[in-house]
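Asks: here is my input, please return the structure:
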Amino acid sequence: MKPKETKQPKPPAHEGSMTPSLNETMIFLNEHLGVERSFDIIYRSFHVAGREACVYFIDGFCKDEIMNRMIFDLMQVTPEKMAENPHEMTKKLISYVEVDLKTKWDEIITMVLSGVSALFIDGYDQCILIDSRTYPARNVSEPDKDKAMRGSRDGFVETLIFNTALIRRRIRSTDLTMEIVQAGESSRTDIVICYMKGRVNEQFLVQLKHRLDNIKVDALTMGQESLAECLFRKKWLNPYPKFRFTERPDTAAAQVLEGHIVMLVDNSPNVLITPISVFDILEEADDFYFPPVTGTYLRFARLIIAILTYVVTPLYLLLVQNVGWIPDNFQFIMMKEESNIPILWQFLILELALDGLRLAAVNTPSMLGTPLSIMAALVLGEFSVKSGWFNSEVMLYMAFVAIASYTQASYEFGYAIKFMRIITLILTAIFGIFGFIAGILILILSIAFNRTLDGSSYLYPLIPFNGKKLSYRIFRRRLPGSLD
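Replies: Below you'll find the predicted structure:
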């Protein structure tokens, strides 16, 4: 026999709106919220001036002291003081600050599942939403990744409202705008679009809102990364980042003031900055916390190190293949011992081994981090050379690459350089000098043809050329308005 289909209860009013009947409302909500199935969805019935009332909330989000006080005050209301409609009720008898009225069931259910308490009173055709929720949150301490030698020591956390407050604290302007939207059919994740009115590209802002409204995804399970992939629907073959991620409120505030758009995702301590260029990726907070000369030096040092991390191993491989090109004064770079494994394979194995060590460091308990690091250094550093697996010169250059890669604040940009380095290594091993040149051309073209979210050039203000803005990107200048 064919099993009978279970019919979902219909909303107790036309087009999904609530009715004044509290009994119908409770039957509908108990079924749709799964009150009997979920232990943390709670409702509390009581009387207000002789009328039946009920409040729905989620245990863990509700502030007990506030709700107890509010219910106690409502139970003391006499029929003479009872409000005739919900609007008057919120003005006279609800003492809490954040109160809203809703009629549509989809909006009410979403708010309840977000942690807002919903008050229903028999005879009222509107729900009174009381935002008395509180979120579990950690301290806004400095992020482990985006550290700075100077500057503030606070960082974004997983609670959205805390993150918006950290930006508001730094920008006290009426032009600062924060719009909230939701994405994900199941998760209904809150996303805040933060920008400065009058400085942002209005056309791009409209396009971004349209993309957010048309996201068709069940849930943003990976937070900001899921949102980034939903916004950028084109092919991701180009490894260079389309967004800039940061956990520092001062960096996010500075980008907002420059006209960029910052997107904050609930449950994620990282924010997305768009649109960005390669010059934005190479900037760090320390550039602005030091005097202009020092900040400019740090920028050039970071750029030179990024170039060296890409070119040092393919260039060494090319010189080993063509010993006659090495000047007499630099003959010391040649290998002192025979290689048992081709140099290309040594580099590729070590590239993989470095990522393995990085992953192991993330998952290693803190109490075992130091002894395991010493063991890894001994085994991979000394014993691997003595056993004949690797040459000491190869280990030296890969050690430089491993350490220098941490000078980049962006993980995505660091891995993009890594992928280009591996491609250049393979091409150099196969085609020699022509492969080395081809690898550099691939690197340049991949940057030149990369496009940001708004379709602009990844190399702006170099392409298209804007001399004034380019000088500000290269050289650390004094703040506008500084006294001479």
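Asks: can we go C-alpha only for contacts and neighbour counts from here?
Replies: Fine.
Asks: tell me how far the residue lying closest to residue 83 once chain neighbours are set aside lies from residue 119.
Replies: Of all residues not flanking residue 83 in the chain, residue 89 sits nearest, at 5.1 Å (Cα to Cα, 6 or more residues apart in numbering). Separation of residue 89 from residue 119 (Cα to Cα, to the nearest Å) stands at 11 Å.
Asks: ok, the two, which is more surrounded?
Replies: A direct count of neighbours by other Cα atoms under 10 Å for residue 89 and residue 119 places residue 119 higher, at 20 against 16.
Asks: can you list the strands that the host helix or strand of the more buried one pairs with?
Replies: Secondary structure assigned from DSSP states H and E places residue 119 in strand 117-121. Here strand 117-121 is paired, per DSSP bridges, with strand 51-58 (antiparallel), strand 127-130 (antiparallel).
Asks: any chance of those in TSV, plus distance to residue 75, mean neighbour count and mean pLDDT?
Replies: What follows is the strands paired with strand 117-121, written out as TSV (distance: least, Cα to Cα, whole Å; neighbours: other Cα atoms under 10 Å; pLDDT from 0 to 100):
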stretch	distance to residue 75	mean neighbour count	mean pLDDT
strand 51-58	10	20	93
strand 127-130	16	24	94
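Asks: out of those, the one nearest residue 263 is which?
Replies: With respect to residue 263, and counting by Cα to Cα, the nearest of those is strand 127-130 at 26.2 Å.
Asks: ok, and what's touching the closest one?
Replies: Residues outside strand 127-130 that contact it (Cα atoms under 8 Å, 6 or more residues apart in numbering): 86, 90, 96, 98-103, 108, 111, 116-121.
Asks: mind running it again at 10 Å?
Replies: 18-20, 55-57, 62, 67, 86-87, 89-90, 94, 96-105, 108, 111-112, 115-121 (Cα atoms under 10 Å, 6 or more residues apart in numbering).
Asks: which of the residues you listed fall in helices?
Replies: 67, 86-87, 89-90, 105, 108, 111-112 (DSSP state H).
Asks: show the buried residues in these.
Replies: Buried subset of the ones in helices among the contacts of strand 127-130 (neighbour count, 16 or more other Cα atoms under 10 Å): 67, 86, 89-90, 105, 108, 111-112.
Asks: which one among the residues you listed gets closest to residue 205?
Replies: residue 111 (26.4 Å).
Asks: list the residues that contact residue 93.
Replies: The neighbours of residue 93, taking Cα under 10 Å, 6+ apart as the test, are 70, 73-74, 77, 81-83, 86.
Asks: among those residues, which ones are buried?
Replies: In the contacts of residue 93, burial by neighbour count holds for 74, 77, 82-83, 86, counting by 16+ other Cα under 10 Å.
Asks: what about residue 136, which SS state?
Replies: Counting by DSSP: H, G, I helix; E, B strand; the rest coil, the backbone at residue 136 sits in coil.
Asks: compute the number of surrounding residues for it.
Replies: So residue 136, with other Cα under 10 Å, has 8 neighbours.
Asks: for residue 267, same thing?
Replies: Around residue 267 there are 17 residues (other Cα under 10 Å).
Asks: any idea how far it is from residue 162?
Replies: According to Cα to Cα, residue 267 and residue 162 sit 11 Å apart.
Asks: check residue 232 too.
Replies: 27 Å.
Asks: one more: residue 134?
Replies: 11 Å.
Asks: show me where this protein has strands.
Replies: Secondary structure of the chain by DSSP state E: the strands cover 41-48, 51-58, 99-102, 117-121, 127-130, 176-183, 189-196, 244-246, 261-265, 271-274.
Asks: go through the ones you listed and name the closest to residue 222.
Replies: Closest among these, using Cα to Cα: strand 261-265, at 10.1 Å.
Asks: what's the average pLDDT for that closest one?
Replies: For strand 261-265, the mean pLDDT works out to 95.
Asks: quick check: angle from that strand to strand 176-183?
Replies: In terms of direction (axes from the mean of the first three to the mean of the last three Cα atoms, to 10 degrees), strand 261-265 departs from strand 176-183 by 50 degrees.
Asks: strand 261-265 vs strand 189-196, what angle?
Replies: Relative orientation of strand 261-265 and strand 189-196, computed by the same axes, to 10 degrees: 160 degrees.
Asks: so what strands line up beside strand 261-265?
Replies: strand 189-196 (antiparallel), strand 271-274 (antiparallel).
Asks: looking at these, which is buried most?
Replies: strand 271-274 (a mean of 23; mean count of other Cα atoms under 10 Å).
Asks: more neighbours: which of residue 134 and residue 162?
Replies: Between residue 134 and residue 162, residue 162 has the larger neighbour count (other Cα under 10 Å), namely 16 against 13.
Asks: cool, thanks, talk later.
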